[in-house]
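S.K.: Pasting a predicted model and its sequence here:
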Amino acid sequence: MFYVGFSIKANLEGKFGGGGADGSILAFSDIETSFAANFGLDFTTEAFIPFALAHNVSFGDFVQFAGAVGVSNCIGGPRLKFLAGRSNISQPSPDGLVPEPTDSADKIFDRLADIGFSPIEVADLLAAHSVSAQYEVDTDVAGSPFDSTPDTFDTQFFVESLLKGTAFTGNGEGGEVMSPIPGEFRLQSDFAISRDSRAACEWQSFVNNHNAMVTKFETVMSKLATVGQDPSNLVDCSDVIPVPPAAKVQVGHLPPGKTLDDVDSACAATPFPSLATQPGPVTSVLPVTA
Ligand code: HEM
């Protein structure tokens, strides 16, 4: 839900490449929620639009405000910067700008480079999947989360995404690959990025460093929130964003039953850190209720 339709390349070529973080997904929700990559976001846009209108806030500001408040509710979450003052005039984004779970790492890195993000920054952004679940990739297992602690903004997503996959949680279609824990859903895109040499060391660096993960996420989210905008025209209203509950742990753990042998080490420069295995029986992960 944080994505922005924008293309530096198209804009340079004189074509409309999307207005960036301009709230066009709310202004033109009927058009943009019909794009395959935005499937299911109609529930969110329907909920957001009346709030933004009732409080006379631009759609672009409202999307960023809702995202910042949303993640601030998560234990260990970031306190995202919130800049206000985006214009409420936008055009519908072109289709095809939002990455899909079936995309290769090359395709995603090219797409994100076209809005100004490096592969390392893509890894930083994907901390968002620490508090995420899927509802639309496989509706039969709606709510299956991307890590075993979807209510906590912790490093488990980075740990568990590097474990060898053993079984499908869903039907294995639409961008699902095998996950290491029953009930956990793994996107092919996360699998590919976590093991790609351009992002793998950044990805691995977070497994035992919660603060670095949060700080880097805050930085890249500031950038994402102003794609297509001139930040000097916006006013810093970050004081209105709540302070998230503090993280309980800095270092991730291997889930019960897993050892370092189950890790796909993908960073050539540094060995995977020696994480403890959580004691107890092997469990499965329950779906998140929306
Ligand atoms: C880089 C490529 C990315 C791909 C291919 C991707 C793909 C996906 C997919 C397929 C889902 C499940 C949607 C559903 O079935 O309901 C999802 C969920 C989510 N993603 Fe991403 N994502 C990417 C990057 C990001 C980024 C950069 C952010 C934020 C900074 C983000 C935030 C989220 C959130 C918050 C959810 C959970 C939505 C919910 O719980 O309803 N994703 N992502």
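M.R.: Nice, thanks for sending it over. Bear in mind the structure is a predicted one, so any value in this text is a computation, not a measurement.
S.K.: now the strands: where do they sit in the stretch 101-250 of the chain?
M.R.: In the stretch 101-250 of the chain, the strands defined using DSSP state E, counting those that start in this stretch lie at 133-134, 144-145, 176-177, 186-187, 235-236.
S.K.: which stretches of the protein form helices?
M.R.: Secondary structure of the chain (DSSP state H): helices at 8-12, 24-27, 29-32, 42-54, 59-72, 105-113, 119-125, 156-160, 188-194, 200-205, 210-225.
S.K.: re the thing from before, which one, of the strands of the stretch 101-250 of the chain, ends up nearest to the ligand?
M.R.: Among those, strand 133-134 comes nearest to the ligand, with 3.7 Å by CB to the nearest ligand atom. (Glycine included, C-beta is placed from N, CA and C.)
S.K.: So which bits of the chain are right by the ligand?
M.R.: Counting by CB under 6 Å from any ligand atom, the chain comes close to the ligand at 1-2, 40, 99-101, 103, 108, 122, 125-126, 128-129, 132-137, 187, 189.
S.K.: just checking, Gly60 touches Ile25?
M.R.: No - Gly60 is not in contact with Ile25 according to CB atoms under 8 Å; the separation is 9.5 Å.
S.K.: Go ahead and produce CSV holding the CA coordinates of stretch 206-213.
M.R.: The C-alpha coordinates for stretch 206-213 follow below in CSV (Å, rounded to 0.1, in the frame of the first residue of the first chain):
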residue,chain,number,x,y,z
PHE,A,206,19.4,-6.8,9.5
VAL,A,207,19.0,-10.3,11.1
ASN,A,208,20.8,-9.2,14.2
ASN,A,209,20.4,-5.5,14.1
HIS,A,210,16.9,-4.2,14.6
ASN,A,211,17.9,-0.6,15.1
ALA,A,212,19.8,-0.5,11.8
MET,A,213,16.7,-2.0,10.0
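S.K.: rewinding a little: can I get the strands of the stretch 101-250 of the chain in a markdown table including mean neighbour count?
M.R.: Below are the strands of the stretch 101-250 of the chain laid out as a markdown table (neighbours: other CB atoms under 10 Å):
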| stretch | mean neighbour count |
| --- | --- |
| strand 133-134 | 23 |
| strand 144-145 | 26 |
| strand 176-177 | 20 |
| strand 186-187 | 26 |
| strand 235-236 | 10 |
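S.K.: now these in a markdown table, with mean pLDDT?
M.R.: Formatted as a markdown table, the strands of the stretch 101-250 of the chain follow (pLDDT from 0 to 100):
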| stretch | mean pLDDT |
| --- | --- |
| strand 133-134 | 96 |
| strand 144-145 | 98 |
| strand 176-177 | 98 |
| strand 186-187 | 98 |
| strand 235-236 | 98 |
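S.K.: Put together a markdown table for these, with distance to Glu13 on each row.
M.R.: Listed next are the strands of the stretch 101-250 of the chain as a markdown table, based on distance: least, CB to CB, whole Å:
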| stretch | distance to Glu13 |
| --- | --- |
| strand 133-134 | 34 |
| strand 144-145 | 40 |
| strand 176-177 | 35 |
| strand 186-187 | 31 |
| strand 235-236 | 32 |
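S.K.: how deep is Thr44 tucked in, by neighbour count?
M.R.: Per other CB atoms under 10 Å, the neighbour tally for Thr44 reads 17.
S.K.: still on that earlier bit, Gly60 and Ile25 - which one has more neighbours?
M.R.: Neighbour tally, Gly60 and Ile25, criterion other CB under 10 Å: the higher count belongs to Gly60, 31 against 28.
S.K.: Let me know the pLDDT of that one.
M.R.: Gly60 carries a pLDDT value of 97.
S.K.: what's near enough to touch it?
M.R.: 21-24, 86-88, 90, 229 (CB atoms under 8 Å, 6 or more residues apart in numbering).
S.K.: Among the residues you listed, which one lies nearest to Ser34?
M.R.: When the contacts of Gly60 are compared for distance to Ser34 (CB to CB), Ser24 wins out at 13.3 Å.
S.K.: what about that closest one, distance to Ala225?
M.R.: Ser24 sits 15 Å away from Ala225, going by CB to CB, to the nearest Å.
S.K.: repeat for His129
M.R.: For His129 relative to Ala225 (CB to CB), the value is 18 Å.
S.K.: Comparing these two, which residue is more hemmed in?
M.R.: The neighbour comparison of His129 against Ala225 (other CB under 10 Å) goes to Ala225, with 26 against 19.
S.K.: Mind pulling the model confidence for the closest residue in space to that one that isn't next to it in sequence?
M.R.: Spatial nearest neighbour of Ala225, excluding adjacent residues (CB to CB, 6 or more residues apart in numbering): Gln64 at 4.7 Å. Turning to Gln64, the model gives it a pLDDT of 96.
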